[in-house]
Every structure is written in structure tokens, then in C-alpha cells.
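S.K.: Could you look at this predicted model? Sequence included:
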Amino acid sequence: MSGPRTRSVVRLDHAVLAPDGHVPGPVPGWTGSRRVVLAAPPLSAFAMSLVSMDDGATGGPPPPGVGRFVFVLEGHLRLDADGATHELESQGYAYLPAGLPQTLTAVGATRICLIEKPYVPHPAGEPRVVVGSRAAVPAEHMHGDPNVHVQQLLPEEPGLDLAVNTMSFAPGAALPFVETHLMEHGLLVLEGSLVYRLADGWYPVTEGDAIWMAPFCPQWCCAYGTGWASYLIYKDWNRDPLADGSEAG
Ligand code: UGY
Ligand code: MN
């Protein structure tokens, strides 16, 4: 317990949520599971949640029209979807298109991160199931810097309306410039420590902290400490800025 102190901050264009402020609640329709929502409307167009599942807990699909990305933080998740069963170990992940019947089952105590958003269609492509593991995704050097790695977990194709990446930084490495862009972000720190600049605020963040950044929120970060720092990050991607999901179909 931290009493009246917290590192959490919520502003109009960004938020930092530290685990000391988490208030877990039920996940509607799921068994044996508790969820902390880290980003959701009206702040974010996405919902990002941490879900703790007991051994044998089960979960169903998100609300109609919502696409889901699931990332395993700890434990083992069995995913039944599209007539197939996938076994996702720690750092395994899947993208599940809106409307897809699915069952998520924890094999042992399991923690997952869900990233969900109302799907924005495009006539050039249909969404499809994507299953992978972070360990199998090549690390690209951001702007040629061998100390800043980007792993693009989802393919860039017309059927997908989001990107989910990991960003990893050697101690002392930084984003090459202050990014200011249309896409919004939510991120979860997976390991290590960083100082994050968000608009005019500067925040130390560490494993388990979450950040939300509104569209056009200026952002920069630098890793400190003795080991690499990394985070899982989402953004809206590959859609026209004036497109929305309300004309789906
Ligand atoms: O993809 C991105 O926009 C990413 N480099 N942003 C960030 O890490 N804050
Ligand atoms: Mn960015």
C-alpha cells in the first residue's frame, strides 16, 4: 500500500498508470478472471486490459464489432478459434478479428494483456487470425540504431487497422526524436526502466506501468538502469484519418 502517494497521472493528452492504483474487476462472461482496464474510452479509442486468470479460467469474445489482440505475459493460454487450437506460452500472441467465436483457457495461473478496438474495415482486405511469438519476430534497428529495437508483431496488410509492436532500449538508448503524430498509443512496460517525456511532463516508468498517449501528444523516452527496457505498444495504423467503424458492412 502506498497511502496517499502514487506515480499515476491522468491528463487530457496522456496518462501514466502505476500498479499501485490498480482496481481489478470482473470480466463479463469470463470465469476465474479479474481485469484491470489501463486504457479505454473516453481517453482512448482502444481498450487495453491486464487480465489475471486462475488455472482453468475461461474467456469469450469481445463485444460485437471489436477486434482483439492478446499477448501472454505469464503462464500458458489455450486459444480455440477458427476451428483450431493454439497453445500460447509467455510472450505468445494472437490477433482475432471482430465477430470470431473464440475461447481463451488458462492452463495454470496466467496473466494476459488484451488490446481491443472497434474494427475499421477497408475494402482492400479482410482481417484474419494471426498467431505468433515475440521470440520469433525479427528485431529491426530503429533509424539504424543497434540499441533501439522494434519488433512488429502484426503484418502490415489492408485487413488490419492497428499495429502492435515491442520497443526495446539498451541502457542509455533513446527514441531518436520527439515523436508527434496522429496515431494514439497505449503501452505496457514489460521490463526495465525508462524516463518518458509526454507533452511537457517527464515520468520515470518501470515494469508493470502503463501509458496512454492521445493523438499528437509529443513523446520521447530514454532507458536507464543496468538492463534493457522494453514495452508493448499499440497504435491505430493503415487507415485514413477520416475513416471510422460506424459505416462497417
Ligand atoms: O511506433 C511508434 O510511434 C513508437 N516509436 N512510439 C513510441 O515508442 N512512443
Ligand atoms: Mn509513437
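M.R.: Ah, there it is. Ligands and ions are numbered 1, 2, ... in the order given.
S.K.: Can you tell me which residues in the chain are near ligand 1?
M.R.: On the criterion C-beta under 6 Å from any ligand atom, ligand 1 has as its neighbours in the chain the residues 167, 179, 185, 219, 233, 235. Glycine gets a C-beta too; all of them are placed from N, C-alpha and C.
S.K.: For PyMOL, write a command that selects the buried ones of those residues.
M.R.: Of these, the buried ones go into a single PyMOL selection, burial set by 16 or more other C-beta atoms under 10 Å:
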select buried, resi 167+185+219+233+235
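S.K.: for the residues of the chain next to ligand 1, which one is nearest residue 126?
M.R.: For the residues of the chain next to ligand 1, the minimum distance to residue 126 (C-beta to C-beta) is 21.0 Å, reached by residue 235.
S.K.: in the sheet, who's paired with that closest one?
M.R.: Taking DSSP bridges as the rule, residue 235 bridges to residue 163, residue 185.
S.K.: does it really touch residue 183, like I thought?
M.R.: Yes. Residue 235 sits in contact with residue 183 when judged by C-beta atoms under 8 Å, with a separation of 3.9 Å.
S.K.: average pLDDT across stretch 108-118?
M.R.: This predicted structure assigns stretch 108-118 an average pLDDT of 98.
S.K.: what's the answer for stretch 175-194, then?
M.R.: For stretch 175-194, mean pLDDT rounds to 98.
S.K.: For that stretch, buried residues please.
M.R.: Applying 16+ other C-beta under 10 Å to stretch 175-194 flags 175, 183-190, 192-194 as buried.
S.K.: One more: stretch 98-110?
M.R.: Neighbour-count burial for stretch 98-110 flags 98, 100, 102, 104-107, 110 (criterion: 16+ other C-beta under 10 Å).
S.K.: can you give me how far it is from the chain middle?
M.R.: Counting by C-alpha atoms, centre = their mean, to the nearest Å, stretch 98-110 is centred 17 Å from the centre of its parent chain.
S.K.: export the buried residues of stretch 98-110 to JSON lines and tack on secondary structure and distance to residue 124?
M.R.: Output for these, formatted as JSON lines (DSSP: H, G, I helix; E, B strand; the rest coil; distance: C-beta to C-beta, whole Å):
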{"residue": "98", "secondary structure": "coil", "distance to residue 124": "17"}
{"residue": "100", "secondary structure": "coil", "distance to residue 124": "20"}
{"residue": "102", "secondary structure": "strand", "distance to residue 124": "25"}
{"residue": "104", "secondary structure": "strand", "distance to residue 124": "30"}
{"residue": "105", "secondary structure": "strand", "distance to residue 124": "34"}
{"residue": "106", "secondary structure": "strand", "distance to residue 124": "36"}
{"residue": "107", "secondary structure": "coil", "distance to residue 124": "38"}
{"residue": "110", "secondary structure": "strand", "distance to residue 124": "36"}
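S.K.: out of those residues, what pair is the most spread apart?
M.R.: The farthest-apart pair in those, when distances are taken by C-beta to C-beta, is 98 and 107, at 25.9 Å.
S.K.: Identify all contacting residues around stretch 204-220.
M.R.: By C-beta atoms under 8 Å, 6 or more residues apart in numbering, the residues outside stretch 204-220 that reach it are 7, 12-19, 38-39, 43-44, 48, 174-175, 177-199, 203.
S.K.: Surely residue 45 touches residue 184?
M.R.: Yes. In this structure, residue 45 is within contact of residue 184 by C-beta under 8 Å, at 6.6 Å.
S.K.: Overlap of the contact sets of these two?
M.R.: Here residue 45 and residue 184 share the contacting residues residue 236, scored by C-beta under 8 Å, 6+ apart.
S.K.: which ones are touching the closest residue to residue 190 other than its chain neighbours?
M.R.: Excluding its sequence neighbours, the residue lying closest to residue 190 (C-beta to C-beta, 6 or more residues apart in numbering) is residue 230, at 4.9 Å. Neighbouring residues of residue 230 by C-beta under 8 Å, 6+ apart: 166-169, 189-192.
S.K.: All set now, cheers.
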